[in-house]
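Chemist: please find the sequence and the predicted model below.
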Amino acid sequence: MKRILVSIKRVVDYNVRVRVKPDHTGVMTDGVKMSMNPFDEIALEEALRLKEQGFAEEVLVVSIGTADCQQQLRTALAMGADRAIHIQTDADIEPLTAAKVLLTLIDREQPMLAILGKQAIDDDCNQTGQMLAALWDRPQATFASKVEISGDTARVTREVDAGLETLEIDLPAVITTDLRLNEPRYVKLPDIMKAKKKPLDILELTSLGISINTQLKSVLFEPPAQRIKGVMLKNPQELVDALRRKGLV
Amino acid sequence: MNKILIVAEHNGSQLNPSTAKCVTCARGIPDASITVVVFASDPIEVAKAAATITGVSQVLTVTHLAHAHPIAALIAPQLATLAKEFTHIFGPSTTFGKDLMPRTAALLNAPQLSDIMLVESATRFKRPIYAGNAITTVEVAAEIQLVATVRTASFEAAPSNHNSAPIESVNSTASLPSHTRFIGTSAARNGRPDLQTAARVISGGRALGSAENFNILYSLADQLGAAIGASRAAVDAGYAPSDMQVGQTGKIISPELYMAFGISGAIQHLTGIKDARTIVAINKDADAPIFEIADFGLVGDLFQIIPELKLLLKTAQ
């Protein structure tokens, strides 16, 4: 079966203004709204569109984390994913470990494509897709803004610093999504009901035989340095004078 | 003794300033020797430039026609082979480095630290998380080989001087995969400075109202020799191409002068500019959040202010 694997992460909603805990041991996440990582939502949307265009027959979503992740997996099923796997763990998972977990699922499920968000908006690592591609020994097309499948290859337009770059990659492969790849669909109420009946399998991470030792330890959390508010000027003349005094124009 | 390997970023003929910024980051690590490696189809000019950077003790070149354009899947296996004897492997936190370094880290079975903004020791670093809303200090055990990307906006470029580090050509034994092929690039900068490295940047937001109206910014930018940027709202509205986007999900920049026209100042935009030396904000809305972080603010209609600025700057010159 032609299958696309999409990994999703449960993160603090992008509208929440994150604050550091007063004791500097982390950020405040108690009681804040949690959502699917926005880049992963784009990844799922792309997988669904490829399926609707006939390039794939099944969209499989995977999430690694605590039992709460199942909420985001249900959302993914409501958006249109066919099946979900929850890899259960209470540990903090580093990108390299996440990539190893996803690789074991790839070995089982043999997808033609794995689509991931380019980064999660909590740790901002931007690593897992590239690491998965390396371990899988398959192509990667990161920061995708356009994906065109043709036979056993894909043409992917990537957002790079210099502009847009196009790569041709053999499938299977890993694609990571940038913001402008698509606009994810809204979930409709009947689909939420339907999603409750779709299969969601739960696997303990420890059953996969992957060690989860944390190699990078976050020992301190601080708020960022704040810029100090400057002066309000009355007219363009004052602005040009101010810039000239600082030698900027 | 810390042995640091830095991957050079270049366009085939010129070294990108992000490389000298990585060198500055690496120089923050005590008791370190710094090696720069250049992957290219014709690496000599780039290697010569890298050899002049203060603090660089060795430059390695890997020559292959396939490296005419940097492709992570091709460079990573060779970089991983070369990296074996190094304690730290650094690349810039640009799209080049973000693409390449995690692939390399996985091949080395090493963890990656993304976006180093401060070096405290060879094993202790600071990096931003949650779009820069928090800064975390990360420790890694000394025996672990560390792959990292360097947040270029946090470091000045190490100066080039009379340093002339030895340049050595190396052959990699890693085989190059054929599963990834470069097709092409498209960019439209029209000879303007590069947004990521420009000393002056002029940016426009949704208030510009159309792609045509962005021309008024282009003409001011050209008068000042500035690069052009845009807010995410302006890019999403189709007023400016995506490679002009400044912010957490676009480019993070640190120019001497940043002038924001009609940008209200969403958090994700402010994250991309807060390392700028001087920020100027021009906005109709006196309550726009960008005024909270601007060094100089001016409330008014940008379509009136820009022509006045152009005239004043001309008479001033």
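Modeler: Cool, the structure landed. Residues are numbered from 1 along each chain as shown, chains lettered A, B, ... in the order given.
Chemist: out of everything not next to it in sequence, what's closest to the residue in the stretch 101-250 of chain B that chain A sits nearest to?
Modeler: Among the residues of the stretch 101-250 of chain B, B:Ala187 lies nearest to chain A; the distance is 2.9 Å by C-beta to the nearest C-beta. Quick note: C-beta positions are derived from backbone N, CA and C, even for glycine. Distances taken as C-beta to C-beta, 6 or more residues apart in numbering or on different chains place A:Gly163 nearest to B:Ala187, at 2.9 Å, with adjacent residues excluded.
Chemist: just checking, that neighbour touches B:Ser186?
Modeler: Yes - if you go by C-beta atoms under 8 Å, A:Gly163 and B:Ser186 touch, sitting 5.4 Å apart.
Chemist: and the two? Which one has more around it.
Modeler: Set side by side, A:Gly163 and B:Ser186 show more neighbours around A:Gly163, with 16 against 12, by other C-beta atoms under 10 Å in any protein chain shown.
Chemist: so which elements touch the longest helix out of those in chain B?
Modeler: Secondary structure of chain B per DSSP state H: the longest helix is helix B:302-316. If contacts are counted by 3 or more C-beta pairs under 8 Å, 6 or more residues apart in numbering or on different chains; DSSP states H and E, helix B:302-316 sits against helix A:236-245, helix B:214-224, strand B:257-261, strand B:278-283.
Chemist: confirm for me that B:Gly265 is in contact with B:Ala281.
Modeler: Yes - look at B:Gly265 against B:Ala281 with C-beta under 8 Å: they come within range, at 7.2 Å.
Chemist: joint contacts of those two?
Modeler: Taking C-beta atoms under 8 Å, 6 or more residues apart in numbering or on different chains as the criterion, B:Gly265 and B:Ala281 both touch B:288, B:290-291.
Chemist: which parts of chain B are helices?
Modeler: Counting by DSSP H, the helices of chain B are B:17-27, B:44-51, B:72-83, B:95-107, B:214-224, B:232-236, B:267-273, B:302-316.
Chemist: single out the most deeply packed of those.
Modeler: Highest mean neighbour count among the helices of chain B (mean count of other C-beta atoms under 10 Å in any protein chain shown): helix B:95-107, with a mean of 28.
Chemist: which residue does chain A have closest to chain B?
Modeler: Closest point on chain A to chain B, by C-beta to the nearest C-beta, is A:Gly163, at 2.9 Å.
Chemist: which one's more surrounded, B:Gly265 and B:Ala281?
Modeler: B:Ala281 (27 against 22).
Chemist: which one of the helices and strands packed on helix B:302-316 lies nearest to B:Leu309?
Modeler: The closest of the helices and strands packed on helix B:302-316 to B:Leu309 is helix A:236-245. By C-beta to C-beta, the value is 5.0 Å.
Chemist: so where do the strands sit in chain A?
Modeler: Along chain A, counting by DSSP state E, strands occupy A:3-7, A:10-12, A:34-36, A:58-65, A:83-88, A:113-117, A:140-150, A:153-160, A:163-170, A:173-177, A:200-204, A:216-222, A:231-233.
Chemist: pull up the pairing partners for the fifth one, direction included.
Modeler: Translated: strand A:83-88. Strand pairing for strand A:83-88, using DSSP bridges, gives strand A:58-65 (parallel), strand A:200-204 (parallel).
Chemist: swap in the longest one?
Modeler: The strands that strand A:140-150 pairs with in its sheet are strand A:153-160 (antiparallel), strand A:173-177 (parallel) (by DSSP bridges).
Chemist: report the contact partners of B:Ile252.
Modeler: Applying C-beta under 8 Å, 6+ apart to B:Ile252 gives the contacts B:93, B:151-153, B:246, B:271-272, B:275.
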